[in-house]
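In: just coords:
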């Protein structure tokens, strides 16, 4: 499956496709419900200058999520080639997401929106 397909499913889970969404008591922004920490990691590791406002721009939000997963969901970090489960878990729960029990629940939600 392509990363774009995976991200499209995650957008549906996170915000039902609402680029203006604000959740998690004001801490999560945009269609992918990005947090400041995620954006800060992407900026720190890639030298970009994304802001929380960029989370409300679909193209920028997708790029931030893509870069975040590329930073943390790597073969070197995980000890195996990253799966779609690993990518979603890292995105949703942070760098150690794949080791957290909640990751399975999130993956099931995302998987419902993926092509059969």
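Out: Structure received. Quick caveat: nothing in here was measured; it's all calculated off a predicted structure.
In: which helix runs longest in this structure?
Out: The single longest helix within the chain, with elements called by DSSP state H, is helix 58-72.
In: ok, residues contacting that helix?
Out: Counting by Cβ atoms under 8 Å, 6 or more residues apart in numbering, the neighbours of helix 58-72 from elsewhere in the structure are 3-4, 7, 10-11, 19, 30-32, 34, 38-39, 41-42, 45-46, 48, 50, 54-55, 82, 87, 90-91, 94-95, 97. Yep, even glycine has a C-beta here, placed from its N, CA and C like the rest.
In: now the helices for this protein?
Out: Along the chain, counting by DSSP H, helices occupy 3-15, 36-46, 58-72, 75-78, 84-93, 102-111.
In: most packed of the ones you listed?
Out: Across the helices of the chain, the average number of neighbours (mean count of other Cβ atoms under 10 Å) peaks for helix 84-93, which reaches a mean of 22.
In: which outside residues touch that helix?
Out: By Cβ under 8 Å, 6+ apart, the list of residues contacting helix 84-93 from outside reads 1, 3, 6, 10, 32, 38, 65, 68-69, 72-73, 78, 97-98, 100, 102-103, 106-107, 110.
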